[in-house]
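In: sequence and predicted structure below; questions after.
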Amino acid sequence: MPDITKSRDQVNIGFTDLADGTFAEQQSMVFSDRARDAVGRLKVSRQQNIYEADFEYGSQPLRWESFTANGASVTHLPGQGGVRMRVPTTVGAICIRQSRPYHRYQPGKTMFMATAIQLGPAVSGNVQRTGFFDDSNGVFFEDSGATAANPTGMGVVIRSDISGAPVDTRVELQNWNGNRTIINQIDWLRIQMLWIEYAWYGAGAVRFGCFIDGQPILFHTTGFGNRPGQVVPWARTGNLPVRYEQRNIATIAAQNDMFHYGVSVMVEGGVDEQRGFTYAYGMDPASPRRSVPNGSTRFPVLTVRNRTMGTLEFTQASAAISAGTTTSMTVSGTPWAVNQWAGRAVAFGAAGAIPTVARITSNTANTLTIQDVVTGGALAVAPAVGNNYTIGLINRGQILPRRLLISANALCTVELISSNATTPVSLTGANFQALTTLGAGGSFAERDVSATALTGGEVVYAFTSPSGAGSDLQQIELQDLFPLYNTIAGNRPDWITVAITNNSGGSALVGAHIIGQEAMS
């Protein structure tokens, strides 16, 4: 007897042929894909926001980074509560808006984002993207210009650099496996409420869809477990930012605008606290307090930051730079196997300077072929003889400040000053030292206790340190502070500086430690 099935969303009723010739009825509930998350659970579990933003009063520069090149622009639209991203006709024009955090993936959970976006026309030579992604890995919607087969220009993309260079696997709209009736009726010039969800694990599933009249509509699903030919993870990492991007890959006939509005990132099933590893960043044990002269304003007693590179796989200690151009770097000797570093990054620059970070596309026995991480073109600065360099992966982890321990023997004002992509700090006389050289071999952080002056930055916390004999220890909770991130280009990790203003009439001896947790995965 055949099965009698009502609907994928309802009850499946089947019958099993028993040995005595009778039939026993079996029932099971089978819910549609849109009712289950990317690891198969029915969506009745807690959905916990881990990030959200709207743009009613500004473009949120402390929470979002903007990158523009070749005449592109970002404009806040207060009357709409959104942001306009505009590219001119110029080839190579780029406009990017990316969340500062890389949202930490938790195995066993589904990562979900939803956003309102209005795309510009599907123009040949122009690409518009939105989703969970950066220049190396991720998942996103992409309009890459109208074609005869796909007049909308729309597709979905899975990006991975696991093979070396980033590779985009695109599925055209006409090949999406979701609700074809609705897919064919979407007008991509209207404002849309798009969503993406994924499970990483390395072999999880990715889904793309939209909301219409409050209903989640599934456009396309791609699974990777037991998939023919899939022998590596679908991306190198599940830790991804939210990003909006528009690029001209060729000259276009007229400027193009895309608009983005509110966005949220949620974890299906709630968030388990990820504490990372706890470290203390503070004074030199041989000099537990620094002397802050009377009359000092924002004297930088202590500064903490992540290192630029997440992995440290090769440095100038093994082979010094012998020559460089804006597309290559050559070192002494022949220390490498061919294409040993393809897909890695190299950070280089003078000691103490802000480094340049480049993607390595290939290498010979002693020469790297390199390109700008974001633009894909030549670098603005060439590697030079005498530069320090490190080959590895860009650091996309974060430091979560937890508390500050501070003591002072004079009445002082204490300020915590953030250095970020929008308001960077400049330190005079800084000498950053890696915690790996200070007894914390597993740390990714660096700290400075040598700088004598500070300019720039954003004051994010302040209080008064009481006068005393130096034994008055204050413990200040910092859990409400933002974590310390990196930039889109990967070359300027955020800093946090403990700055002291001393008008007590005499010098002040100040000791400080920041307790933080390093979330690197």
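Out: Arrived safely. Residues are numbered from 1 along each chain as shown.
In: tell me the contacts of Phe211?
Out: Listed by Cβ atoms under 8 Å, 6 or more residues apart in numbering, the contact set of Phe211 reads 114, 193, 195, 217. All C-beta spots, glycine's among them, are computed from the backbone N, C-alpha and C.
In: quick check: the farthest pair among these?
Out: Ala114 and Ile217 (12.2 Å; Cβ to Cβ).
In: just the mean pLDDT for stretch 264-281, thanks.
Out: Averaged across stretch 264-281, pLDDT comes to 82.
In: quick one: it to chain centroid distance?
Out: 15 Å (Cα atoms, centre = their mean, to the nearest Å).
In: pLDDT at the most centrally placed residue in the chain, what is it?
Out: Nearest residue to the geometric centre of the chain (Cα atoms, centre = their mean): Tyr102, 3.2 Å. Note for Tyr102: predicted pLDDT of 95.
In: ok, it to Ala408 distance?
Out: As judged by Cβ to Cβ, to the nearest Å, Tyr102 and Ala408 stand 36 Å apart.
In: would you mind measuring from Ile94 to Asn175?
Out: 28 Å.
In: so which of these two has more stuff around it?
Out: Taking other Cβ atoms under 10 Å, Ile94 and Asn175 do not tie; Ile94 has more neighbours (23 against 12).
In: got a list of what the more buried one touches?
Out: 67-70, 72, 87, 245-248, 374-375.
In: can we see that at 7 Å?
Out: Taking Cβ atoms under 7 Å, 6 or more residues apart in numbering, we find Ile94 in contact with 67-70, 72, 247, 375.
In: in space, what's closest to it - neighbours in sequence excluded?
Out: Ala69 (4.4 Å; Cβ to Cβ, 6 or more residues apart in numbering).
In: what is the mean pLDDT for stretch 119-133?
Out: So the average pLDDT for stretch 119-133 ends up being 97.
In: kindly report the same for stretch 463-475.
Out: Stretch 463-475 carries an average pLDDT of 77.
In: that stretch: end-to-end distance?
Out: 11 Å (Cα to Cα, to the nearest Å).
In: and Val498, what helix or strand is that in?
Out: Counting by DSSP states H and E, the element that carries Val498 is strand 495-502.
In: could you tell me the angle between the next helix or strand after that strand and strand 495-502?
Out: Next helix or strand after strand 495-502 toward the C-terminus (DSSP H and E): strand 508-519. For strand 508-519 against strand 495-502, the angle by axes from the mean of the first three to the mean of the last three Cα atoms, to 10 degrees is 160 degrees.
In: now for strand 508-519, which elements pack on it?
Out: Contacting strand 508-519 under the criterion 3 or more Cβ pairs under 7 Å, 6 or more residues apart in numbering; DSSP states H and E are the following elements: strand 277-282, strand 290-292, strand 296-306, strand 398-408, strand 495-502.
In: shaky segments in the stretch 301-450 of the chain?
Out: By pLDDT under 70, the stretch 301-450 of the chain has no low-scoring segment.
In: quick one: the strands in it?
Out: 314-315, 321-325, 328-331, 345-349, 356-363, 367-372, 388-392, 398-408, 412-419, 425-428, 433-434, 445-448 (DSSP state E, counting those that start in this stretch).
In: coming back round to it: do I have it right that the residue nearest to Ile94 meets Asp372?
Out: No: in this structure Ala69 lies outside contact range of Asp372 using Cβ atoms under 7 Å: 9.3 Å.
In: what comes up buried for stretch 479-496?
Out: Buried residues in stretch 479-496, counted by 16 or more other Cβ atoms under 10 Å: 481-496.
In: ends of it, what's the gap?
Out: 14 Å.
In: what about that stretch, distance to the chain center?
Out: How far stretch 479-496 lies from its chain's middle: 10 Å, per Cα atoms, centre = their mean.
In: residues contacting it, please?
Out: 65, 67, 96, 98, 100-101, 303-306, 308, 345, 347, 354-357, 373-374, 394-396, 398-402, 416, 418-421, 424-425, 460-461, 514.
In: now do stretch 190-208
Out: 37-39, 105, 107, 110-118, 130-132, 139, 141, 156, 158, 209-211, 216, 218-225, 233, 238.
In: for stretch 164-174, same thing?
Out: 135-136, 142, 149-150, 152, 154-160, 183, 220, 342-343, 361.
In: in the protein, which spans are helices?
Out: Assigned by DSSP state H, the helices in the chain fall at 180-183.
In: and Ser160, what is it in contact with?
Out: Counting by Cβ under 7 Å, 6+ apart, Ser160 touches 137, 167, 234-236.
In: same deal with Tyr461?
Out: Contacts of Tyr461 by Cβ under 7 Å, 6+ apart are 415-416, 481.
In: ok so, going back, and the residue nearest to Ile94, what pLDDT?
Out: 96.
In: so what's it up against?
Out: Per Cβ under 7 Å, 6+ apart, neighbours of Ala69: 92-94, 375.
In: ok, 10 Å please
Out: 87, 90, 92-96, 247, 372, 374-375, 377 (Cβ atoms under 10 Å, 6 or more residues apart in numbering).
In: who wins for most neighbours among the contacts of Phe211?
Out: Neighbour-wise, these (other Cβ under 10 Å) top out at Trp195, 21 neighbours.
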